[in-house]
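Undergrad: sharing a model prediction with you, sequence too.
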Amino acid sequence: MQAPEMSAMATEGGGAAAEEEEAAVAAAAEEEKEMRVMVAVDQSDGSFYALQWALENLFRKRGAAAALLTVVHVQLPFQHHIIPAGPGIYATSIVVDSVRKAQEQNSAVILSRAFRLCKDKMVKAETLILDGDPKEMICQAAEQMHVDLLVVGSRGLSKLKRAFLGSVSDYCAHHAKCPILIVKPPKEELPTESSN
């Protein structure tokens, strides 16, 4: 009869030690948790340089199994109407279907190129195609998928062009709810002001 009382006392007295052990196990599990990385790609060389950089620097060092990679491409929505100086012109369904097919083919080419890069580095990746404004859709997808790191490329626009054209990387840096890594192209690939 005395043994059950002693074991009850041992668990009562060892409560703090058990809590510490549980905290250590939780911390270890958190360290081993797979890192969710999202890389946004488009047809630009800058976005593929960012993907290559992420594969070489994030996945090679952590190990391919230690992270989950999602490659996302955002298609701009097709405007069904054109508003010239006169009355509006609406595209026929044949034109709309043709444009959508072309967009799908373009997305397939972009994502297959990205998938080949991942396969060459032996990194498993999932791909995602979204429709909408790239800046907003990338931030929304990163939030909905609870990514740990968002990686985007930089085109190296001048301040003036960035102000007029907008910058996906700049928007994401200010609006993404997760850490963001903006990968600049190598110096030799940066465009000069005179060529812009």
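TA: That came in fine, so what should we check first?

Undergrad: which secondary structure element contains Val37?
TA: Using DSSP states H and E, Val37 sits in strand 35-40.

Undergrad: in that strand, what's buried?
TA: Using 16 or more other Cβ atoms under 10 Å as the test for burial, strand 35-40 gives 36-40. C-beta coordinates here come from the backbone N, C-alpha and C atoms, glycine included.

Undergrad: next SSE downstream of whatever helix or strand Ile138 lives in?
TA: Ile138 belongs to helix 134-144 when assigned by DSSP H and E. Next in sequence after helix 134-144, counting helices and strands by DSSP H and E, comes strand 149-153.

Undergrad: any residues touching that next one, and which ones?
TA: Applying Cβ atoms under 8 Å, 6 or more residues apart in numbering, the contact partners of strand 149-153 are 35-41, 44, 46-51, 53-54, 58, 138, 142, 168-169, 172, 176, 178-183, 185.

Undergrad: hang on, Leu58 in a helix?
TA: Yes. Under DSSP: H, G, I helix; E, B strand; the rest coil, Leu58 falls within a helix.

Undergrad: got the contact list for it?
TA: 35, 37, 67, 149, 151.

Undergrad: can we see that at 7 Å?
TA: Contact analysis of Leu58 by Cβ atoms under 7 Å, 6 or more residues apart in numbering lists 37, 67.

Undergrad: need the pLDDT of it.
TA: For Leu58, the pLDDT comes out at 88.

Undergrad: Ile129: what secondary structure?
TA: Applying three-state DSSP: Ile129 is strand.

Undergrad: and the longest helix anywhere in the chain, what does it pack onto?
TA: For the chain, the longest helix by residue count, based on DSSP state H, is helix 93-120. Under the contact criterion of 3 or more Cβ pairs under 7 Å, 6 or more residues apart in numbering; DSSP states H and E, helix 93-120 touches helix 45-54, strand 67-75, strand 125-131.

Undergrad: just send these back as CSV, with distance to Ser93 too.
TA: Formatted as CSV, the helices and strands packed on helix 93-120 follow (distance: least, Cβ to Cβ, whole Å):
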stretch, distance to Ser93
helix 45-54, 32
strand 67-75, 19
strand 125-131, 18
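
Undergrad: so, low pLDDT: which residues of this structure?
TA: 1-33, 61-66, 79-91, 156-166, 188-196 (pLDDT under 70).

Undergrad: can you report how many residues neighbour Pro179?
TA: Using other Cβ atoms under 10 Å, Pro179 has 11 neighbouring residues.

Undergrad: cool, the one 4 residues further on as well?
TA: A count of nearby residues for Val183, using other Cβ under 10 Å, gives 19.
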